[in-house]
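Trainee: next come a sequence and a model predicted from it.
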Amino acid sequence: MTTRIDGTAIARRIRAQVAEEVAAATMSGGVPALATVLVGDDPASAVYVAAKRRAIKEAGMRDFHRHLPRHATHDDVAAVIDELAADPQVSGILLQLPLPARLDAATLIDRIPVTKDVDGLTTASLGLLARGERGLRPCTPSGVIALLDAEGVPLQGAKVAVVGWGELVGKPLTHLLLRRGATVSVAHEFTLDLAAVTRPADIVVVATGVRGLIGPEHVRPGAVVIDVGIHRTPSGLTGDVRSDELDGIAARITPVPGGVGPMTIAMLLVNTLQAARWSSGAEAVAA
């Protein structure tokens, strides 16, 4: 039988540990704080930000939220980011994506100081990741690594296929896996024979945004499959993997929902706590 990896339970344990550490930090006088910046009225973005703010409060952290109207200009958003960057009470800054199309997301993200970049998406943060230097790492890729660690899946020497070469997951995850000693193969939209890349792998991580892309023809018996995709359908949420078809083939697989998703917010809390320690000089952020 294939085991479903319970990302909700693993995330709950991480969040509880963060809350304990925040409580200890509070007693010593420092309270980590996250500033979320939401531009416009996109319903999905509003839901995501609300979930992040709720998690921050449950962890005992301070919540600094800024909501700008959909007609906010580039300068309006930049001014808010600069204000939060200069505020010593703010440990981390998260600019919720996507932004309205007229705004240059990359330029605005790069205004976030590397020490407060809890999403790990600035050019500076990604450069530190690529060089293997200390810095804050993107939350979803970090969540994938944390899931595998929690399940006791060895990474050193493992053959890992990363399907998807996106800026948010595929690229940073590849660097994280290489740092852990994995042998990584990457497939993308121009890969001619996807199964030739994925079938030899001990671990297959899929983050393509293509619903149901991966099935039994792509996975060897006994492999671990991590599905990062999420799609809303009339029958509910589903991922990039046809998980039902892999029952009895994959050794372990993440469900959608309840797999990688909860880990993203859990790692956001970890990053915010790390950023607070970094800014206070109490502890450097782990590489």
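Mentor: That came through fine.
Trainee: how's the protein carved up into domains?
Mentor: The chain resolves into domains spanning 15-118+263-280, 139-259 when parsed by automatic domain parsing.
Trainee: how near is residue 130 to residue 124?
Mentor: Taking C-beta to C-beta, to the nearest Å as the measure, residue 130 falls 11 Å from residue 124. C-beta: built from backbone N, CA, C; applies to glycine.
Trainee: in stretch 98-105, what's buried?
Mentor: 99-100, 103, 105 (16 or more other C-beta atoms under 10 Å).
Trainee: what does stretch 121-131 give?
Mentor: So for stretch 121-131, counting by 16+ other C-beta under 10 Å, buried means 121-122, 125-126, 128-129.
Trainee: so which of the domains of the chain comes closest to residue 1?
Mentor: domain 139-259 (6.6 Å; C-beta to C-beta).
Trainee: mind telling me what element the residue lying closest to residue 253 once chain neighbours are set aside is part of?
Mentor: Residue nearest to residue 253 in three dimensions, not counting chain neighbours: residue 225, with 4.4 Å by C-beta to C-beta, 6 or more residues apart in numbering. Assessed by DSSP states H and E, residue 225 sits inside strand 224-227.
Trainee: next SSE downstream of that strand?
Mentor: Immediately after strand 224-227, counting by DSSP H and E, sits strand 231-233.
Trainee: ok, back up a step: tally of neighbours for the residue nearest to residue 253?
Mentor: 28 (other C-beta atoms under 10 Å).
Trainee: what are the bridge partners for it, then?
Mentor: Legend: beta-bridge partners of residue 225 under DSSP bridges are residue 204, residue 253.
Trainee: report the contact partners of it.
Mentor: With contacts defined as C-beta atoms under 8 Å, 6 or more residues apart in numbering, residue 225 is in contact with 203-206, 214, 219, 241, 243, 246, 250, 252-254.
Trainee: where do the helices sit along the protein?
Mentor: Per DSSP state H, the chain carries helices over the ranges 7-27, 43-58, 74-86, 105-109, 123-131, 139-150, 170-179, 194-198, 261-280.
Trainee: may I see the buried residues of the fourth one?
Mentor: It refers to helix 105-109. For helix 105-109, by 16+ other C-beta under 10 Å, it's 105, 108-109.
Trainee: could I get the buried residues of stretch 98-105 as TSV with pLDDT and distance to residue 25?
Mentor: Formatted as TSV, the buried residues of stretch 98-105 follow (pLDDT from 0 to 100; distance: C-beta to C-beta, whole Å):
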residue	pLDDT	distance to residue 25
99	96	32
100	94	36
103	97	34
105	96	32
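Trainee: what's the most distant pair in these?
Mentor: Checking the buried residues of stretch 98-105 with C-beta to C-beta, the most distant pair is 100 and 105, at 9.5 Å.
Trainee: quick one on the thing from earlier: and the strand holding residue 225, average pLDDT?
Mentor: Mean pLDDT, computed over strand 224-227, is 98.
Trainee: just stretch 44-58 next, same as before
Mentor: 96.
Trainee: ok, and what's touching that stretch?
Mentor: Taking C-beta under 8 Å, 6+ apart as the rule, stretch 44-58 contacts 15, 19, 34, 36, 38, 62-63, 65, 94, 96-98, 265-266, 268-269, 272.
Trainee: can I have the buried ones of the residues you listed as a PyMOL selection?
Mentor: Applying 16+ other C-beta under 10 Å to those, the buried members can be selected in PyMOL as follows:
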select buried, resi 15+19+34+36+38+62+94+96+265+266+268+269+272
